[in-house]
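1. generate a structure from the sequence data that follows.
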Amino acid sequence: MSEETAPAEAVEDHDYDLDDPQYYLNRELSELAFQRRVLHEAIDERNPLLERVKFLSIFTSNLDEFFMKRVGGLKQQMAVDVTDTTPDGRTPEEQWEEIMQVTGPMFERQARCYREAVKPALADQGIYIVDHDDLETHEQQNLREYFERSILPTLTPLTFDPAHPFPFISNLSLSLAVLTRKTPDAEPKFSRIKIPGNRPRLVQVDDSHTYVPLEGIIAANLDLLFPDVEILDHSMFRVTRNAEVRRNEEVAEDLIDMIEEVLRERRFATVVRLELEEDTPERVRELLKEHLDVTEREIFERQGPLDYRDLMGLTDLDRPDLKLDSWTPQAHPRLLESQMKDEDRDIFETIQNRDMLVHHPYHSFSKTVHRFIDDAAHDPNVLAIKAAIYRTSRDSNVIQSLIEAARNGKQVAVMVELKARFDEENNLRWVKKLEEEGIHVAYGTPGYKTHTKTTLVVREEGDDVELYSHVGTGNYHSETAKTYVDIGLLTANKDIGQDLVKLFNFFTGHSMHDQYRDLLIAPGNMRREFEEMIRHEAQVARDGGEGRIVAKMNRLEDPGIVEELYEASIAGVDIDLFVRDICRLRPGLDGVSENVDVYSVVGRFLEHSRIWYFENDDPGFYIGSADWMTRNLDNRIEAVTPVENPELQEELWSILELNQADNRKCWEMNHDGTYDQRHPPDGGPVVNMQERLMGQARSAVQDPDQNVWPPNLPDER
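-> Presented below is the predicted three-dimensional model:
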């Protein structure tokens, strides 16, 4: 990100066929490359031990979702004989085959990390996860009493025989397969026991830091569940079901009924993965394979626990020596200024004086974005509040503030996206609550998901009505705001406010604008504007100037945008891309993308912000909810805002520079889609971007008169 790098020679014309599959990485395999980087955080011995435990859990959750969504979608395409290829030239079946080949070794690596590194390291620190057989006799007896008292009444063994159908196996549930027989010459019977998810998975032994997996306790006491029969064997298994259950929204009479039907059908969807404990009896394996209708390729035999998600509970232990330093999101210095100077200034006056950038989790969500909404709810001069909710917490303070606004006589309109996957049930609950309060609720837009992170406040000031806006990259979710890196703009810019008026009118009406004053809105003008800005940088380079693009996002998947970036690189534009996970573009290809570098940061917080910089655009800086993915640009309602204030532009540039300077959590992509982690130079400083930003947030609160985000590095633009 320096002027010292000479621009490549500009190319007017070229004979590269940029539709050629060789120039595009596969979306699914790129996603799995990201999951390898996530797993590396568990393997990396430089991380505190309980941080490594956390990432073992996260890796399992991420792969569960990948199989439910992505593999489930491929299975649906295969079932109806779809043979269309992706931009990288693969059919659905070819992608499915490669996924099955790639994920097996990843699961083995996770198990090896737990078995050979993390579990022994926990034991060295006095935290023991042991098998039931490793306990002393008195400890086993105490657990047997616990089992009889607290576990046995919750269990329901389901036997499969001519009188009982094969039991339904719920998605992601952990199950114990038990083989029993009444007499030595009887045919063995199969029974399934669901490990209860509402009981602690890791059971503490005698107030010590010794834990036994719940399934081990159940297995050791099967005689209480199956008296007077011989227990031949027991083994664990786990199924993953397809989450891709879709409906035609255009013909749905009622969107709420449709979503409720989708939730019901998802419970019984096709199985896309079967995980088995190592050395599962062949009889059990074949029985599950037949009745769950899975192929041999969909069976994964695991050498460790089948489900690592519950290890997350260990991170709550009071062992600060095994964790990263705790972090408390800070107040925004701009909102502290008046308080420190004993000035009676409300948040609206602060925003009116100058736009604000809020950066979570470095800035407190509750003291910035939620305060903006809550103050509006109680301000007598506020006439109306409009908000778009994609995901929010189960006990959302934002929703509660909107309810209080309605009770205080404000006009309140809320767009709640019912199709937010895996949050449908939570959003349905909030829709009903909001409607009970008389609030106007829009459920979504047929054919699109509403993914914008926007709020509009209409306030009477003197003889005028002022518009205050929040446009961000993250959800109105107080919990994820503590662990997701997101950025948002609070502004009194009238053009942005008027654009949001148009957008919210679309949510509650049915007419979509494609012309906006400042905002980039998908599917209206966003794709066109982004493509024009990329092409403009390319033309500047062709004309002998310096073209420059820096973009930070979660995913770069859209083939059209990738092709535009290739064209810009060929023209001589210097391009840095910070892409957290999926990236179709291949950097470093001679003649095509040798001017492109791709980076990925995987750290304690999930990088979720989207920032764009175009050197020759005015204002050049943009933030918003959309990734460069086809679904975001064409099939979702998204909002991206320009950032025009020079001081805020410096803040954004500092963030982008720190991304590039990171040599602790940053990975650099090779042309084949693999990644190499960057390392500090011998004897040189360690630059951990997220740690630097935490330090800057602390310093800014201690001295609010300084710049909010003083760059750690010189501005080399």
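2. show me what the longest strand along the chain pairs with in its sheet, parallel or antiparallel.
-> As assigned by DSSP state E, the longest strand anywhere in the chain is strand 230-241. Partner strands and pairing direction for strand 230-241 (DSSP bridges) are strand 174-181 (antiparallel), strand 271-277 (antiparallel).
3. could I get the ones you listed as JSON lines with distance to P333 and mean pLDDT?
-> To be clear about C-beta, it is placed using only N, CA and C from the backbone, and glycine gets the same treatment. Output for those, formatted as JSON lines (distance: least, Cβ to Cβ, whole Å; pLDDT from 0 to 100):
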{"stretch": "strand 174-181", "distance to P333": "47", "mean pLDDT": "97"}
{"stretch": "strand 271-277", "distance to P333": "48", "mean pLDDT": "97"}
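4. adding mean neighbour count and distance to N242, write those out as a markdown table.
-> Output for the strands paired with strand 230-241, formatted as a markdown table (neighbours: other Cβ atoms under 10 Å; distance: least, Cβ to Cβ, whole Å):
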| stretch | mean neighbour count | distance to N242 |
| --- | --- | --- |
| strand 174-181 | 21 | 18 |
| strand 271-277 | 22 | 5 |
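5. of all those strands, which lies closest to G313?
-> Nearest to G313 among the strands paired with strand 230-241 is strand 174-181 (14.7 Å), distances taken as Cβ to Cβ.
6. so D233 touches K189, yeah?
-> No: applying Cβ atoms under 8 Å as the test, D233 and K189 come out as separate, 11.6 Å apart.
7. overlap in contacts, these two.
-> By Cβ atoms under 8 Å, 6 or more residues apart in numbering, D233 and K189 have these common neighbours: L179.
8. so between the two, which is more surrounded?
-> K189 (17 against 14; other Cβ atoms under 10 Å).
9. confirm that V53 sits in a helix.
-> Yes: assigned with DSSP: H, G, I helix; E, B strand; the rest coil, V53 falls within a helix.
10. quick one: E424 and A177, what's the gap?
-> 31 Å (Cβ to Cβ, to the nearest Å).
11. and what of R542?
-> Distance, R542 to A177, using Cβ to Cβ: 65 Å.
12. for N493, same thing?
-> The value you get for N493 to A177, if Cβ to Cβ is used, is 61 Å.
13. Y599 now?
-> In terms of Cβ to Cβ, Y599 sits 45 Å off from A177.
14. same check on E337?
-> 63 Å.
15. burial count for S191?
-> Neighbours of S191 (other Cβ under 10 Å): 22.
16. list the buried residues of the strand or helix carrying L428.
-> L428 belongs to helix 424-436 when assigned by DSSP states H and E. Neighbour-count burial for helix 424-436, counted by 16 or more other Cβ atoms under 10 Å, picks out 424, 426-428, 430-431, 434.
17. next one: stretch 86-99
-> Burial within stretch 86-99, assessed by neighbour count using 16+ other Cβ under 10 Å, is assigned to 86-88, 90-92, 94-96, 99.
18. what lies in contact with that stretch?
-> By Cβ under 8 Å, 6+ apart, the surrounding residues in contact with stretch 86-99 are 19, 21, 24-29, 32, 70-71, 74-75, 77-78, 82-85, 297, 559, 562, 584.
19. can I get the top helix by length along the chain in PDB, CA atoms only?
-> The single longest helix within the chain, with elements called by DSSP state H, is helix 92-112. Taking C-alpha atoms only, helix 92-112 is exported to PDB below (Å, rounded to 0.1, in the frame of the first residue of the first chain):
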ATOM      1  CA  PRO A  92     -22.400 -29.900  -8.700                       C
ATOM      2  CA  GLU A  93     -21.300 -33.600  -8.500                       C
ATOM      3  CA  GLU A  94     -17.700 -32.700  -9.100                       C
ATOM      4  CA  GLN A  95     -17.800 -30.100  -6.300                       C
ATOM      5  CA  TRP A  96     -19.500 -32.600  -4.000                       C
ATOM      6  CA  GLU A  97     -16.800 -35.200  -4.700                       C
ATOM      7  CA  GLU A  98     -14.000 -32.800  -4.000                       C
ATOM      8  CA  ILE A  99     -15.600 -31.600  -0.800                       C
ATOM      9  CA  MET A 100     -15.900 -35.100   0.500                       C
ATOM     10  CA  GLN A 101     -12.200 -35.700  -0.300                       C
ATOM     11  CA  VAL A 102     -11.000 -32.500   1.300                       C
ATOM     12  CA  THR A 103     -13.100 -32.500   4.500                       C
ATOM     13  CA  GLY A 104     -12.000 -35.900   5.700                       C
ATOM     14  CA  PRO A 105      -8.400 -35.000   6.400                       C
ATOM     15  CA  MET A 106      -9.600 -31.700   8.000                       C
ATOM     16  CA  PHE A 107     -11.600 -33.700  10.500                       C
ATOM     17  CA  GLU A 108      -8.600 -35.900  11.100                       C
ATOM     18  CA  ARG A 109      -6.500 -32.900  11.700                       C
ATOM     19  CA  GLN A 110      -9.000 -31.500  14.200                       C
ATOM     20  CA  ALA A 111      -9.100 -34.800  16.100                       C
ATOM     21  CA  ARG A 112      -5.300 -35.000  16.200                       C
END
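20. mind giving me TSV with the buried residues of helix 424-436 and columns for pLDDT?
-> Shown next, in TSV, are the buried residues of helix 424-436 (pLDDT from 0 to 100):
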residue	pLDDT
E424	82
N426	87
N427	83
L428	87
W430	87
V431	89
L434	92
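21. how about those residues in CSV, adding distance to V358?
-> Output for the buried residues of helix 424-436, formatted as CSV (distance: Cβ to Cβ, whole Å):
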residue, distance to V358
E424, 28
N426, 24
N427, 24
L428, 29
W430, 23
V431, 27
L434, 25
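22. which one of those residues sits closest to A377?
-> L434 (13.4 Å).
23. ignoring the adjacent residues along the chain, who's closest to that closest one?
-> Using Cβ to Cβ, 6 or more residues apart in numbering and skipping residues adjacent in sequence, the residue nearest L434 is V441, 5.0 Å away.
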